[in-house]
Each structure stands twice: as C-alpha cells, then as structure tokens.
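**Q** sequence first, predicted model second:
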Amino acid sequence: MTKQEFLGALARARTDEVVITSMGVVRPWGRLSDSVLDFASADSAMGHTADLALGVAMAQPLRRVVCLNGDGSMLMSLGTLVTIIESGVDNLILFVIANKTYEITGNQRVPGARAVDFEGLARAAGFASAHHFDQASAYESALEDILRDEGPTFVSVAVAPESEGPISRSASEPARYLQTSLYDGSRRFREALTDKGVV
Amino acid sequence: MRTRQGPSARTLVDELVKQKVSNVVGIPDNSSAALFRVLEADSKIEVLTVTREGEAFAVASGLWLGGRAPVVLIQNTGLLESGDSLRGTAVRMGIPLLCLVTYRGYAKLPSQESDEIMTRADVDSVAVVTEPTLDAWRVPYELYRSDADIGRVQQAFHQASELARPVALLLTEALC
C-alpha cells in the first residue's frame, strides 16, 4: 500500500476524530486535512507521539483520538503499548505506519525491520483489538469499523517507503498546522479541544 | 529515641487537590511510595503509572492539551532519562507543568566538588547532576524538605503559569 492510499482513505472516513501525526505522515496528512482537531507532533520529542496521544485521549474521553505513529517512533517507546492498556482508555486508535525505515532522515532501516510483528506486540501488551493490513482494499473495507468500534485499537499498516524530507515549522510549509511554532500550535489545539465544553 | 519524620504525603496531596490537579503521571520509588498510596486512595486525582519516566512528560503534555491539569511524579534518576521528552513536549510546548521529583542522594551530597565526585562510593552520582541538569534544561526548581515548605507548591504552580513552562519541586525526604 502507498502512504497516499493509507492517508487518503483515512481522510475520507474521518468525521470528528482528533488526529495526531508524527514524522513521515505529518506533511502528507496536512495536504489532505486542515482541521483544528489535527495536531502535528513535530519539532517535539522523538518516539513520544503515542504517549502524547494517550494523554489527549484520557483528557477527552468523549472524542475519538487517532494517532498516526511511525514504526521507528513506536520502537522507541514500546512500553507505551502497555501504558495505553493500563490507562483504561477506550477512545484511542493507534496506527503504526510501518515502512521499515527512518524516512525523515534518509530511509535508514529500522531495527527488526524484517522480523517485528507489531500486531503481535500489541496483542501481547493487552490490546483486544489489533489489526495488520498490507493491502489497501482490505484496510479501506475495515476502516469504518476501526474508527467506530470500542478501543483501544491498534492497527499496523505496511506502506512502501517514500522520501519525505525533514519537517520544519515555518510559513513555507504547505500544511497550516506546520506554519506555527509548537508553542502556538499547542495553544490553538488546546483551545479547539476545550472550547466546545467536551472536557 | 525519636525517628526522623519526612513530610506528610496527605498534606501534599491535599495541596494538589486544592490546586485543582486532575492527574498524576509517574513512577513510584521508596520516597514517593506514601504519596502514591494516598493519591490512589483519593478519588479526586487520577493516577497513571507509566513504564518509563519519559512517557510521563508526554502523557502529561497530552493531558494538558486536552484541558486537564496534570502533575508528573518521578525520581531524579527518571528525570535524567526523560531529557528529550521533557524538552520536546512540556518545555517546547510551553506547558505550565509541576514536576514533583524525589531527590535520591540529596543527604549524601558532598559540600565540595572533586575530580572523583561521580565515582565515589559514598556519593550518589544522580544527586550530583540533578540540579545542574535542571539548570541546563531551563527548568526552575525549589527544594521541598518538610511540611513547612507546603507554600512552595502554590508558588510553583504560579511560577509555571507565569513562565508557561515546567517547574520542579525536589522532594529531599521520603514522604510518610
């Protein structure tokens, strides 16, 4: 599956979910979506997107929170799979986009690229709902249920590596959520999440 | 013979409740064990134990983004582990986050610097680097030694809010 097939289907199926992106999908998602409920975990802490998304999901139990994590990023904080289960959240959908490379830094191979079974890791951590897709058609068919069913839900998606370059936060970025600093983007996102009274 | 008494965990938790803390995220140690016990018995504050301290800062930052008022509770060893997470989430995002950090090795801190300070058997090296590390990370801090320091909690929240950044209270004694 291509990254565009993965993200395009998600953009079409998405309704009012919060979407938190990291690394190689930050910019491509920003080309497809311009929602105030999008948050770019960019210019931030390596490997800490899934746990950041967990905090948002805990704070906003009435919203569905979609986290788009990379395989390299997930490997940096595998314990978060356990913490998600420990937290008891039922509104988090954690995608791991497995392209088997550190795409942002030049597609170096991630450790365990040939062997790691992310779906198996998630099940072993306690996820009752865990999936793996490598075909776009199967993924797209299951997506609506994945977004609606009770979570937490884990989905690994095998995508072909591409060549997304380093991400900046500047006016030259095409995605609006990358045109502000992380400081300002955080306040904008918090306002969007809390002004509607769903706390 | 009187035994040395540390600060009261109940007093500190009562102050956290008064400051409207919603969540505590962290990992317990010997010094904070009593604090976790009181917190877990207190339904007003939700407690989440994480697998590594760096996670605590990311989870707490997400909680703040979602409108909550979290506190991180870890040991100073875990603070060192948390470097990039703290920098890249709470500091970079400008989150007014109180970090309660138990200060392992504080009692044995030598008064004088020496070339061997990091390898001496009678010195806990984590204590040697705790305050310099917070200084380097631009995280303001105060010591919390006894119940008489309870006012420092409110001051720390005020400072974190004014500066829009994390502020640490270093708990030098085991709570009881």
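**A** Structure received. All values derive from a computational prediction rather than experimental measurement. Numbering: from 1, shown residues only, chains lettered A, B, ... in the order given.

**Q** what ranges do the strands span in chain A?
**A** Secondary structure of chain A by DSSP state E: the strands cover A:18-21, A:38-40, A:65-70, A:92-98, A:101-102, A:108-109, A:129-133, A:153-158.

**Q** can you lay out those strands as TSV showing mean pLDDT, mean neighbour count and distance to B:Ala148?
**A** All C-beta spots, glycine's among them, are computed from the backbone N, C-alpha and C. Shown next, in TSV, are the strands of chain A (pLDDT from 0 to 100; neighbours: other CB atoms under 10 Å in any protein chain shown; distance: least, CB to CB, whole Å):
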stretch	mean pLDDT	mean neighbour count	distance to B:Ala148
strand A:18-21	98	28	43
strand A:38-40	97	27	42
strand A:65-70	98	28	42
strand A:92-98	98	25	42
strand A:101-102	92	20	51
strand A:108-109	93	11	54
strand A:129-133	98	19	51
strand A:153-158	98	24	48
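
**Q** turn these into CSV, including distance to B:Val72.
**A** What follows is the strands of chain A, written out as CSV (distance: least, CB to CB, whole Å):
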stretch, distance to B:Val72
strand A:18-21, 20
strand A:38-40, 20
strand A:65-70, 21
strand A:92-98, 20
strand A:101-102, 29
strand A:108-109, 32
strand A:129-133, 29
strand A:153-158, 26
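
**Q** residues touching B:Gly94, list them.
**A** A:Tyr183, A:Ser186, A:Arg187, B:Ala164, B:Arg165 (CB atoms under 8 Å, 6 or more residues apart in numbering or on different chains).

**Q** which pLDDT value goes with the second one?
**A** For A:Ser186, the pLDDT comes out at 97.

**Q** any idea how far stretch A:88-102 is from the chain center?
**A** 5 Å (CA atoms, centre = their mean, to the nearest Å).

**Q** how about stretch A:167-179?
**A** The mean C-alpha position of stretch A:167-179 is separated from the chain mean by 18 Å, CA atoms, centre = their mean.

**Q** same thing with stretch B:125-140?
**A** Counting by CA atoms, centre = their mean, stretch B:125-140 comes out at 12 Å from the chain centroid.

**Q** go on, stretch B:153-172?
**A** Distance, stretch centre to chain centre, for stretch B:153-172: 10 Å (CA atoms, centre = their mean).

**Q** then stretch A:125-142?
**A** 14 Å.

**Q** before we move on, the earlier item: just the buried subset of the contacts of B:Gly94, please.
**A** With burial judged by 16 or more other CB atoms under 10 Å in any protein chain shown, the buried subset of these is A:Tyr183, A:Ser186, A:Arg187, B:Arg165.

**Q** can you give me the helices in chain B?
**A** B:9-18, B:33-41, B:53-65, B:76-81, B:83-86, B:92-93, B:125-136, B:151-163 (DSSP state H).

**Q** please identify the deepest-packed of the ones you listed.
**A** Across the helices of chain B, the average number of neighbours (mean count of other CB atoms under 10 Å in any protein chain shown) peaks for helix B:53-65, which reaches a mean of 31.

**Q** tell me what that one is packed against?
**A** helix A:49-59, helix A:79-87, helix A:182-194, strand B:23-26, strand B:70-75, helix B:76-81, helix B:83-86, helix B:92-93 (3 or more CB pairs under 8 Å, 6 or more residues apart in numbering or on different chains; DSSP states H and E).
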